[in-house]
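In: Next comes the sequence, and after it the predicted model I'd like to discuss.
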Amino acid sequence: MSLLYLHYEADERAGRVQKLARSGAHIIVSEPRWPGFWEIAKRDKPIAIAVDFSHAPSHALETADYIAKARETKETALYLLRVPEDRLDVVRKRLPQAAIVTEPELSERLAVMEREAQKRALEKKEAAAQARRTASAARQAAKKAAGGPVKPAPKAAAAKAPKKVKAPAAPKKKAAATPKKAAAKKKTAQPKKKSARPPKKK
C-alpha cells in the first residue's frame, strides 16, 4: 500500500515523511508541480494522495482540485494537510470529498488502511487455496464414481506386435550350362573314331 505525499521541498519535509512512514505505508514523495505528480499518480496508482498546504496554498488547492476531478484519481482517497484557517471554507466548498486532517490523524488512517489491505490479501490467498482444495476433491470424487482411473496399456506390450512368419526361400535353380560347356560335354561323351588309314607295312 502506498501514499503519494505532495509537499514542496523544504527542511521540514523529510521529518514529516518519516512520521507518516511509521504507519507502515510506503510513502512516495513529490512536489505538487505539473506534470510530475500526475505521472507518478497514474504510474504507481497509490491507495491515497495527501496534499500539504504549508507552502503555496493556492497552488496546493489547484493541485488537489485537479486530482479530485481527474478520471484516473477521482476515486482515490484524498487528504489535505495544514490548510490555512482563512482558506478552510473555500477548500471545503471546492473539495467536499477531501478530508482535512492533521498529521497524526493521517498516520492513524494509514495504519487502518494498511491492516485492511493485509487482511484482504490474506483472505484472497485463503480463498484461492480453498478453491484449489475444492477442485482437487471434485476430481477425486469423479474418479471414484467412474470406478477409478483407467490404466493405460503398457508401452512395451503395445509395441510388441505379432511378427510375420517368413516363408521358406525357394531352392535356387541351377543355372543352365553355357554353350561352350555343353559342347565340351558332347566331345567327352562321343567315342573316338578309328583312323581309316591301313597300318604301314614293315
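Out: Alright, I've got the coordinates.
In: From here on, just use CA atoms for contacts and neighbour counts.
Out: Noted.
In: surely residue 9 meets residue 33?
Out: No: counting by CA atoms under 8 Å, residue 9 sits too far from residue 33 to count as a contact (11.1 Å).
In: now the strands: where do they sit in this protein?
Out: Here the chain has its strands, by DSSP state E, at 2-6, 26-30, 48-52, 77-81, 99-101.
In: Same list (the ones you listed) but as TSV, adding distance to residue 60.
Out: Formatted as TSV, the strands of the chain follow (distance: least, CA to CA, whole Å):
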stretch	distance to residue 60
strand 2-6	9
strand 26-30	12
strand 48-52	7
strand 77-81	9
strand 99-101	13
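In: Same list, the ones you listed, but as a markdown table with distance to residue 42 and mean pLDDT please.
Out: Output for these, formatted as a markdown table (distance: least, CA to CA, whole Å; pLDDT from 0 to 100):
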| stretch | distance to residue 42 | mean pLDDT |
| --- | --- | --- |
| strand 2-6 | 11 | 95 |
| strand 26-30 | 13 | 95 |
| strand 48-52 | 12 | 97 |
| strand 77-81 | 14 | 97 |
| strand 99-101 | 21 | 96 |
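In: of those strands, which approaches residue 120 most closely?
Out: Nearest to residue 120 among the strands of the chain is strand 2-6 (15.4 Å), distances taken as CA to CA.
In: Give me the local confidence score for residue 194.
Out: Reading off the confidence values, residue 194 has pLDDT 51.
In: Equivalent analysis for residue 187, please.
Out: Value for residue 187, per-residue pLDDT: 52.
In: again with the one 10 residues further on
Out: At residue 197 the predicted local confidence, pLDDT, stands at 57.
In: And residue 89, by the same measure?
Out: You'll see residue 89 listed with a pLDDT of 96.
In: that older thread, of all the strands of the chain, which one is nearest residue 143?
Out: Counting by CA to CA, residue 143 lies closest to strand 2-6 out of these; the figure is 47.2 Å.
In: Tell me which residues are up against the closest one.
Out: Residues from elsewhere that reach strand 2-6 (CA atoms under 8 Å, 6 or more residues apart in numbering): 25-32, 37, 41, 46-52.
In: and if we set it to 7 Å?
Out: Identification of contacts with strand 2-6 by CA atoms under 7 Å, 6 or more residues apart in numbering yields 25-32, 46-52.
In: what's the answer for stretch 46-64, then?
Out: Contacts of stretch 46-64 (CA under 7 Å, 6+ apart): 1-8, 32, 76-83.
In: mind running it again at 8 Å?
Out: So stretch 46-64 is contacted by 1-8, 32-33, 76-84, 91, 95 (CA under 8 Å, 6+ apart).
In: picking up where we left off before, in TSV, list the strands of the chain along with distance to residue 14 and mean neighbour count.
Out: Shown next, in TSV, are those (distance: least, CA to CA, whole Å; neighbours: other CA atoms under 10 Å):
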stretch	distance to residue 14	mean neighbour count
strand 2-6	11	23
strand 26-30	9	18
strand 48-52	13	23
strand 77-81	15	20
strand 99-101	19	17
